[in-house]
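*Asks:* return atomic coordinates for the entry below.
(2 chains)
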Amino acid sequence: MSARWRELAHWLRHDRRAKWLGLLSSGVALAVLPFVLDASVGRTWVRVIDLALLYTMLALGLNIVVGFAGLLDLGYIAFYAVGAYTYALLASPHFGLHLPWWVLLPAGAVLAAFFGVVLGAPTLRLRGDYLAIVTLGFGEIIRIFLNNLNAPINITNGPQGVNLIDPIDIAGVSFGRTNSLLGISFPGTHLHYYLFLVLTVLVMFVCIRLEDSRLGRAWVAIREDEIAALAMGINTRNVKLLAFAMGATFGGVAGGLFSSLQGFVSPESFVVWESITVLCMVVLGGMGHVAGVVLGALTLATLPELLRHTAAPMQQQLFGKVILDPESLRMLLFGLALILVMLLRPAGLWPSPTRRRELTSAHAPGAV
Amino acid sequence: MPLLEARKISKSFGGLQALNAVSLAIEPGEIFGLIGPNGAGKTTLFNVLTGLYKPDAGAVLFNSINVTGKKANHVVEAGMARTFQNIRLFANMTAVENVMVGRHLRGRAGALGAVLRDRATLAEEAAIQKRSHELLDYVGVVRHAHALAKNLAYGDQRRLEIARALATDPKLLALDEPAAGMNATETRALRGLLERIRGDGITILLIEHDVRLVMGLCDRVAVLDYGKKIAEGAPGAVQRDPAVIEAYLGGALP
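*Replies:* Next comes the predicted model:
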């Protein structure tokens, strides 16, 4: 049995035709996914997947900072906020500006990268817990600024947030409404899905290439031993700042996309809990491993929704009433899942080989 | 003209004067030994020379460039590579990856090159791979190229650290107790390796406790005691110097 499986796995991995077949079939599956979900469980689920893809981009961005370079960042959601507000403020009736998305997404990315450097520069000497505290503060500062910059001059519209944000519009096809093509109607959520999917795959590609490069090795070297990295001639300052900036860039792009999808942003979307969630995705999936992080992000973004949709009806059926409301049950199970994963798979669900070695070496001595 | 010149280096930590106006001059092509009892300030001097510490006073000139207070990565770039007393390899990277990190400095590929994998980047990666394997072969650990650094035998880890330092294309290789913890056979092999490195035109600065190794290998030796240089010269002469004997064995009772 297992021999046959191994044979199949080997064939899938090494045969050219199998590779193309696999790629083609997963491509088709991903292409029809929104329609299947829409028809079977409802449009909300397409939206859930849209958000899950945004979280995947965020997790991959944070993974560059935390996973590759080993810099613990607890304020990552601030870059998401920067991207989201850049888009929201410049493409809504709030200022009466309606700049196109192809200006705003790159602008959000650049601005987020700038803030990444702003956060990175003063924290270069900090590591571990100390860095975590400063980044946590940074994340909150951004949110509090957004919350309070409505007086004396109204810039962010404060806690009310920014409304009626223009959706992305590609060649006259607005992602804000349903469009028809060849007799098939594509609702906005579906169009966003395709765009997010393409961008997520692009981000994955970039991350995988970065990991196996001169720069990727420098990041790992800093994570392993910063002094030794410095003594090998690595400009640790620049390389760390680059990690912060690149991580922030992905966060900024994801933020702009979030604005387009929601049509509304407020500071509430960027609370500390969001930073923690994204970090959990990275840690749970497998720090430093692109595929693992994607798995972690998709799992943590969809499981709570799944629970939300099943917990109440299930209790109703079993006990005749809802004993635990889904929201608190969600948190309970979320915490439980994290504890279990950390106990049973301390390096994450799908860790990279290097990370697995780092995190399990305490239990199994290296020398064989 | 000396390759490395230290002029009146002083460094203190709180109330402890670790180095007191220490001067050294290392000529190109020689093996220069730095010895002294424990706590004499050898490693502190080493860290000042290689840019990990800033001296309180004094100047460091390397290859006639003033590198005083320059950061460690710039000192390496100028051509002075080092190893550490307590081995500091990237433990969870393979041996060859460790050496590849050493090549970082001499490469140019950035983030864009990494993503696009253009021809120049691919060529550079191939060159890094090739050179790294050559260096592993040079120090004699190429058979462990794909083993994790932390799984290598102690002596091999020391050699790997030397290979990693050589990967930066140094003019001067500074070794902090490379023979520490080695047995006699390993020490003899290390001596062979160091002579070979010198033969290839690289100057060596050596901190070492193994007196036999220092005396047999070094062209000149300086002795530190309580942060001061108490003797300098050919190994034989230094060995007979009364100040050195006193530092190591204590003075006569009054």
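*Asks:* alongside chain A, which residues does the stretch 51-200 of chain B contribute?
*Replies:* B:52, B:71-73, B:76-77, B:81-82, B:84, B:88-93, B:97, B:100-102, B:104-105, B:107, B:109-111, B:113-115, B:117, B:121, B:124-125, B:128, B:148, B:150-151, B:164-165, B:167-168 (CB under 8 Å from any CB of the partner chain). Every C-beta, even on glycine, is put in place using the N, C-alpha and C of the backbone.
*Asks:* grab the most central residue of chain B for me.
*Replies:* B:Ala174 (1.9 Å; CA atoms, centre = their mean).
*Asks:* point me to the helix or strand that includes that residue.
*Replies:* strand B:172-176 (DSSP states H and E).
*Asks:* again, but for A:Val32
*Replies:* Per DSSP H and E: helix A:16-40 holds A:Val32.
*Asks:* next secondary structure after that helix?
*Replies:* Remark: after helix A:16-40, the chain's next helix or strand is helix A:43-63, criterion DSSP H and E.
*Asks:* which strands or helices does that next one pack on?
*Replies:* Contacts defined by 3 or more CB pairs under 8 Å, 6 or more residues apart in numbering or on different chains; DSSP states H and E place helix A:43-63 against helix A:16-40, helix A:77-90, helix A:188-211, helix A:236-262, helix A:272-285, helix A:290-319.
*Asks:* centre of the chain to it, how far?
*Replies:* When distances are taken as CA atoms, centre = their mean, to the nearest Å, helix A:43-63 is centred 6 Å away from the chain's centroid.
*Asks:* stretch A:33-41 now?
*Replies:* Worked out by CA atoms, centre = their mean, stretch A:33-41 lies 23 Å from the chain centre.
*Asks:* for it, what is the average pLDDT?
*Replies:* Computed over stretch A:33-41, the mean pLDDT rounds to 88.
*Asks:* again with stretch A:52-66
*Replies:* Across stretch A:52-66, the average pLDDT comes to 96.
*Asks:* returning to that earlier point: what is the strand holding B:Ala174 packed up against?
*Replies:* Looks like strand B:172-176 contacts helix B:42-49, strand B:80-82, helix B:154-166, strand B:203-207 (3+ CB pairs under 8 Å, 6+ apart).
*Asks:* redo that, cut-off 10 Å
*Replies:* strand B:31-35, helix B:42-49, strand B:80-82, helix B:154-166, helix B:184-199, strand B:203-207 (3 or more CB pairs under 10 Å, 6 or more residues apart in numbering or on different chains; DSSP states H and E).
*Asks:* most packed of the ones you listed?
*Replies:* Most buried of these, by mean neighbour count (mean count of other CB atoms under 10 Å in any protein chain shown): strand B:80-82, with a mean of 27.
*Asks:* quick one: B:Ala243 from chain A, how far?
*Replies:* Relative to chain A, B:Ala243 is positioned 33 Å away (CB to the nearest CB, to the nearest Å).
*Asks:* residues contacting that residue?
*Replies:* Shown in contact with B:Ala243 (CB atoms under 10 Å, 6 or more residues apart in numbering or on different chains): B:223, B:225, B:228, B:230-231, B:251.
*Asks:* for those, which one is nearest chain A?
*Replies:* Nearest to chain A among the contacts of B:Ala243: B:Val223, at 25.4 Å, using CB to the nearest CB.
*Asks:* so that closest one belongs to a strand, correct?
*Replies:* Yes. Looking at B:Val223 with DSSP: H, G, I helix; E, B strand; the rest coil, it is inside a strand.
*Asks:* out of the residues of the stretch 51-200 of chain B next to chain A, list just those in helices.
*Replies:* Taking DSSP state H, the ones among these that sit in helices are B:72-73, B:76-77, B:97, B:100-102, B:111, B:113-115, B:121, B:124-125, B:128, B:164-165.
*Asks:* so what's residue 117 up against?
*Replies:* You didn't say which chain, so I picked chain A. Applying CB under 10 Å, 6+ apart to A:Val117 gives the contacts A:241-242, A:244-245, A:248.
*Asks:* chain B is the one I meant
*Replies:* When contacts are counted by CB under 10 Å, 6+ apart, B:Arg117 touches A:209, A:212-213, B:109, B:125.
*Asks:* ok, these vs A:Leu111, which is closest?
*Replies:* Ranked by distance to A:Leu111 (CB to CB), the contacts of B:Arg117 are led by A:Arg209 at 24.4 Å.
*Asks:* wait, that closest one sits on B:Leu122?
*Replies:* No. With contact defined as CB atoms under 10 Å, A:Arg209 does not reach B:Leu122; the gap is 11.7 Å.
*Asks:* which one of these two is surrounded by more residues?
*Replies:* Between A:Arg209 and B:Leu122, A:Arg209 has the larger neighbour count (other CB atoms under 10 Å in any protein chain shown), namely 19 against 13.
*Asks:* ok, the nearest residue to the more buried one once chain neighbours are set aside - contacts?
*Replies:* Ranked by CB to CB, 6 or more residues apart in numbering or on different chains and with sequence neighbours excluded, the top spatial neighbour of A:Arg209 is B:Val115, at 4.8 Å. Applying CB under 10 Å, 6+ apart to B:Val115 gives the contacts A:202, A:205-210, A:213, A:215, B:121.
*Asks:* ok, of those, which one's closest to B:Asn63?
*Replies:* Ranked by distance to B:Asn63 (CB to CB), the contacts of B:Val115 are led by A:Leu215 at 28.2 Å.
*Asks:* neighbours of the closest one, just the number please.
*Replies:* Counted with other CB under 10 Å, residues neighbouring A:Leu215 total 27.
*Asks:* most neighbours, which of the contacts of B:Val115?
*Replies:* Of all these, the highest neighbour tally under other CB under 10 Å goes to A:Leu215, namely 27 neighbours.
*Asks:* where's that residue, which helix or strand?
*Replies:* helix A:214-224.
*Asks:* that helix: how far from the chain's middle?
*Replies:* Taking CA atoms, centre = their mean, one finds the center of helix A:214-224 at 22 Å from the center of the full chain.
*Asks:* then stretch B:149-163?
*Replies:* 15 Å.
*Asks:* which residues does residue 102 contact?
*Replies:* Just going to use chain A. A:Trp102 makes contacts with A:168-170, as judged by CB under 10 Å, 6+ apart.
*Asks:* wait, chain B
*Replies:* Applying CB under 10 Å, 6+ apart to B:Gly102 gives the contacts A:221, A:231-234, B:76, B:81, B:128, B:131-132, B:135, B:161, B:163-170.
*Asks:* sorry, back to before: out of the contacts of A:Val117, who has the most neighbours?
*Replies:* Most surrounded of the contacts of A:Val117: other CB under 10 Å gives A:Ala248, at 33 neighbours.
*Asks:* any idea how far B:His146 is from A:Tyr193?
*Replies:* Relative to B:His146, A:Tyr193 is positioned 42 Å away (CB to CB, to the nearest Å).
*Asks:* the two: which is more packed in?
*Replies:* A:Tyr193 (26 against 9).
*Asks:* what subset of the residues of the stretch 51-200 of chain B next to chain A is buried?
*Replies:* Among these, those buried by neighbour count (16 or more other CB atoms under 10 Å in any protein chain shown) are B:52, B:71-73, B:76-77, B:81-82, B:84, B:88-93, B:97, B:100-102, B:104-105, B:107, B:109, B:111, B:113-115, B:121, B:124-125, B:128, B:148, B:150-151, B:164-165, B:167-168.
*Asks:* so for the helix or strand containing B:Val22, what gets flagged as buried?
*Replies:* In the assignment (DSSP H and E), B:Val22 maps to strand B:16-26. Judged by neighbour count (16+ other CB under 10 Å), strand B:16-26 contains these buried residues: B:17-20, B:22, B:24-26.
*Asks:* where does the stretch 101-250 of chain A come near chain B, residue by residue?
*Replies:* Within the stretch 101-250 of chain A, the residues that sit near chain B (CB under 10 Å from any CB of the partner chain) are A:202, A:205-218, A:220-225, A:227-239, A:242-243, A:245-246.
*Asks:* can you lay out the contacts of B:Val115 as JSON lines showing pLDDT and distance to B:Leu193?
*Replies:* Shown next, in JSON lines, are the contacts of B:Val115 (pLDDT from 0 to 100; distance: CB to CB, whole Å):
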{"residue": "A:Leu202", "pLDDT": "96", "distance to B:Leu193": "47"}
{"residue": "A:Phe205", "pLDDT": "95", "distance to B:Leu193": "43"}
{"residue": "A:Val206", "pLDDT": "95", "distance to B:Leu193": "41"}
{"residue": "A:Cys207", "pLDDT": "95", "distance to B:Leu193": "39"}
{"residue": "A:Ile208", "pLDDT": "93", "distance to B:Leu193": "38"}
{"residue": "A:Arg209", "pLDDT": "94", "distance to B:Leu193": "37"}
{"residue": "A:Leu210", "pLDDT": "94", "distance to B:Leu193": "35"}
{"residue": "A:Ser213", "pLDDT": "93", "distance to B:Leu193": "31"}
{"residue": "A:Leu215", "pLDDT": "95", "distance to B:Leu193": "31"}
{"residue": "B:Thr121", "pLDDT": "92", "distance to B:Leu193": "33"}
